[in-house]
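>>> structure for this input, please:
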Amino acid sequence: MKINVFNNENEVLNGLANYFVEIAAKSIANHGQFSVALSGGNSPKKLYELLSSPLYKDKVEWSKVHFFFGDERYVPLTDPQSNYLMAKKALLEPLGLSYKQVFPVDTSVSPEEAAKKYTVDINYYFAGVKVRFDLVLLGLGDNSHTASLFPHTPVLHDKTVSAKEVFLDNQQVYRITMTAPLINQAHHIAYLVYGEGKAIAVHHVIEDKKDIENYPAQLIKPADGDLQWFLDNSAASLLKK
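This next block holds a predicted model:
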């Protein structure tokens, strides 16, 4: 695990954008394409807008990039809460990408069926070889969740390499998420976290004793991959090391 700490929000976004460009180039050079699982939320939205801006859009061979989603809210893909819609507006449409390069979660079916279908889509893309995304982008919630791996949910103990439906009792909503074993098979995993409000969660996940029920993001530990955190000074302020 490598922890990268930057002075402010702009620097951390540029730091991760540069990392994205680097991993994309290496992946395309090694096997002709780049598979990335996107995260939702406000922090990655700014990253996507930066990647599709004149500063970065010519630095990636976008025609060889394929996009998946680490998790999705169980809402129509046209709903303002949809992770897909956010990524579409911030990144996919500005780059003029083909729909064949994007793999959204089908939320028109039941949550269980949506998770099963997404697992099939992922396995189909990898065509019978081990499912290893080149890059998985993750955020971190104030409650130490990542993707839709929320505290005290059954999916935290799921050992399958798949997508699963998750019901959040406190919100009375479903989400679809990649399991921790699936995420952990990635070649590269990068957390994007900034702001003082995330400092406690960052400390819990990185420095506290293992307690996945309360700090689910501790589940993300690739066995044979690269894990990096991209933090600003505020988010890293409670780290002792």
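
>>> which SS class is Gln218?
State at Gln218, reduced to three classes by DSSP: H, G, I helix; E, B strand; the rest coil: helix.

>>> what sits closest to Lys159 if chain neighbours are left out?
Counting by Cβ to Cβ, 6 or more residues apart in numbering, Lys159 lies nearest to Pro181, which is 5.9 Å off, once chain neighbours are set aside. All C-beta atoms are positioned from the backbone trio N, CA, C, and that covers glycine.

>>> so that neighbour sits right up against His157, yeah?
No - between Pro181 and His157 there is no contact under Cβ atoms under 8 Å: 10.7 Å.

>>> so which of those two has more stuff around it?
When Pro181 and His157 are compared for neighbours, Pro181 comes out ahead with 15 against 11, by other Cβ atoms under 10 Å.

>>> what sits against the more buried one?
Shown in contact with Pro181 (Cβ atoms under 8 Å, 6 or more residues apart in numbering): 158-161.

>>> any idea which helix or strand comes after the strand or helix carrying it?
If you go by DSSP states H and E, Pro181 is part of helix 180-184. As assigned by DSSP H and E, the chain's next helix or strand after helix 180-184 is strand 188-193.

>>> residues contacting whatever helix or strand comes next after that next one, please?
Later in the chain than strand 188-193, the nearest helix or strand by DSSP H and E is helix 199-207. Helix 199-207 is contacted from outside by 3, 140-144, 193, 214-215, 217-218, 229, 231, 234-241, using Cβ under 8 Å, 6+ apart.

>>> give me the subset of those lying in helices.
Using DSSP state H, the subset of the contacts of helix 199-207 located in helices is empty.

>>> would you map the helices across the chain?
Using DSSP H, the helices of the chain run over 9-31, 42-51, 83-87, 93-95, 111-126, 180-184, 199-207.

>>> want to throw the ones you listed into JSON lines with mean pLDDT and distance to Ser148?
Output for the helices of the chain, formatted as JSON lines (pLDDT from 0 to 100; distance: least, Cβ to Cβ, whole Å):
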{"stretch": "helix 9-31", "mean pLDDT": "98", "distance to Ser148": "21"}
{"stretch": "helix 42-51", "mean pLDDT": "95", "distance to Ser148": "14"}
{"stretch": "helix 83-87", "mean pLDDT": "98", "distance to Ser148": "10"}
{"stretch": "helix 93-95", "mean pLDDT": "97", "distance to Ser148": "24"}
{"stretch": "helix 111-126", "mean pLDDT": "98", "distance to Ser148": "11"}
{"stretch": "helix 180-184", "mean pLDDT": "98", "distance to Ser148": "11"}
{"stretch": "helix 199-207", "mean pLDDT": "98", "distance to Ser148": "16"}
